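In: Here is my input; please provide its structure:
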Amino acid sequence: MAQPHPLENLYQEELYKIHPKVMVVVPRPWKDLSPDEISLLRKIFNAVKLSLDAVQIVNAKQFSVDDFKTFQPLCIIAFGSTLKDSSRMYENVLVGGIPVVMAHELRALDDATKKSLWTILRQVFHS
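Out: So this is what the prediction gives:
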């Protein structure tokens with residue numbers, strides 16, 4: 001019986017490609033977020049059909065899109081962190097071709113800001 005060629009069963013590169021993630025920027029380390037804030041993050045991303053496992057969370061009080069280019073984010077959502085190039089809140093701001101949404105810090109979100117956030121996230125994820 002003939003032995004198969006050793007490279008015959010290798011997988012295609014596309015299987016190994018790591019797809020870009022949604023990047024979440026928070027001003028405090030993950031360990032400092034309260035259980036309520038983490039629960040709110042879960043609810044926010046569940047609403048757009050994502051889990052926390054599908055996002056990359058980084059800690060930065062201030063950032064630019066260039067800071068994260070190596071991660072090739074699909075989009076960036078900042079909760080309480082400041083984008084160096086813009087101060088526009090609850091808008092889909094394109095910076096270097098990457099959508100960026102800035103919102104208040106998680107613990108400061110009220111019903112009105114949650115509604116604004118939901119409106120813009122629907123546009124970003126369902127457009």
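In: Val95: neighbouring residues, count only.
Out: As a burial measure, Val95 scores 15 neighbours (other CB atoms under 10 Å). The C-beta positions use only the backbone N, C-alpha and C, and glycine is treated the same way.
In: what about the nearest residue to Cys75 once chain neighbours are set aside, neighbour count?
Out: Among residues not flanking Cys75 along the chain, Pro99 sits closest, at 4.2 Å (CB to CB, 6 or more residues apart in numbering). Using other CB under 10 Å, Pro99 is surrounded by 21 other residues.
In: Pro99 - that's part of a strand, no?
Out: Yes: the assignment for Pro99 by DSSP: H, G, I helix; E, B strand; the rest coil puts it in a strand.
In: Show me the beta-bridge partners of it.
Out: Leu94 (DSSP bridges).
In: Give me the pLDDT for it.
Out: Predicted confidence (pLDDT) at Pro99: the value is 94.
In: repeat for Ala47
Out: 89.
In: Leu41 now?
Out: Looking at Leu41, its pLDDT is 94.
In: sorry, back to before: how about the residue nearest to Cys75, what does it touch?
Out: Shown in contact with Pro99 (CB atoms under 8 Å, 6 or more residues apart in numbering): 75-76, 92-93, 124.
In: List only buried entries from these.
Out: 75-76, 93, 124 (16 or more other CB atoms under 10 Å).
In: Reformat those residues as a markdown table; add secondary structure and pLDDT.
Out: Output for these, formatted as a markdown table (DSSP: H, G, I helix; E, B strand; the rest coil; pLDDT from 0 to 100):
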| residue | secondary structure | pLDDT |
| --- | --- | --- |
| Cys75 | strand | 94 |
| Ile76 | strand | 96 |
| Val93 | strand | 94 |
| Val124 | helix | 91 |
